[in-house]
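S.K.: pasting the structure only:
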């Protein structure tokens, strides 16, 4: 599934690093290991991994600090954060940094695979020239154009950004704060987001953009 990608895993505990590294070696042909945040950032710069898995607490630079440095120049690389913390402040920072996923420690193999699957979906978005949303609608990534029954649909810039963010995170519930952090730096009210979704549903279907009450929205790609 992940053989064509290069993954970097950073963890300061040698035992955990060895164990998770062995699991990753079964999934990837190319695995990079780092013992601290400073080394992780150095490897990122020199080796250009496709996916980053970072422990949140490491010497020199912690996982969030590494992610923050990376995001200054790379908004798209999938980053997974491994954490033993459930503090809300950590999660808010994770949302701000547009992390693909987070997994709680001790890391379970099933949770790791689920997080990596999300990374693979995100990477696939940039490689696909067309993403089919349902039987009548697809999005041309290169053209940044939505087509319904093979006819071009004109979207506003904000509609396009919203749809593209959901296409990068298909079949996943995206909460309201995540939209605000990653699309609108100045923020956007709940009613404004609902209006935006209502306008997009005029082109798509209610089944394609599903509302999860009091949480957010999910784009369901229908085969």
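M.R.: Sure thing, it's come through. Computed from a predicted structure; not experimentally measured.
S.K.: contacts and neighbour counts: CA atoms only from here.
M.R.: Noted.
S.K.: Next one, pLDDT for the most centrally placed residue in the chain please.
M.R.: In the chain, the residue lying closest to the centroid (C-alpha atoms, centre = their mean) is residue 100, at 2.8 Å. pLDDT, residue 100: 88.
S.K.: residue contacts, it?
M.R.: For residue 100, the contacting residues are 78-80, 115, 118-119, by C-alpha atoms under 8 Å, 6 or more residues apart in numbering.
S.K.: Distance-wise, check it relative to residue 67.
M.R.: 11 Å (C-alpha to C-alpha, to the nearest Å).
S.K.: can you list residues touching both of those two?
M.R.: residue 79.
S.K.: what about the helix or strand harbouring residue 115, distance to the chain center?
M.R.: Using DSSP states H and E, residue 115 maps to helix 109-127. Relative to the chain's own centre, helix 109-127 is displaced by 8 Å; criterion: C-alpha atoms, centre = their mean, to the nearest Å.
S.K.: For it, buried residues please.
M.R.: 112, 115-116, 118-123, 125 (16 or more other C-alpha atoms under 10 Å).
S.K.: tell me the domain ranges of this protein?
M.R.: Following the assignment in automatic domain parsing, the chain carries domains at 6-126, 129-219.
S.K.: Pick the most deeply packed of those.
M.R.: Greatest average neighbour count among those goes to domain 6-126 (a mean of 18), per mean count of other C-alpha atoms under 10 Å.
S.K.: How far does it sit from its chain's centre?
M.R.: Here the centre of domain 6-126 is set off from its chain's centre by 12 Å, with C-alpha atoms, centre = their mean.
S.K.: now the strands for this structure?
M.R.: Here the chain has its strands, by DSSP state E, at 6-10, 30-34, 51-55, 79-83, 101-104, 130-132, 137-140, 145-148, 151-153, 173-175, 209-212, 216-219.
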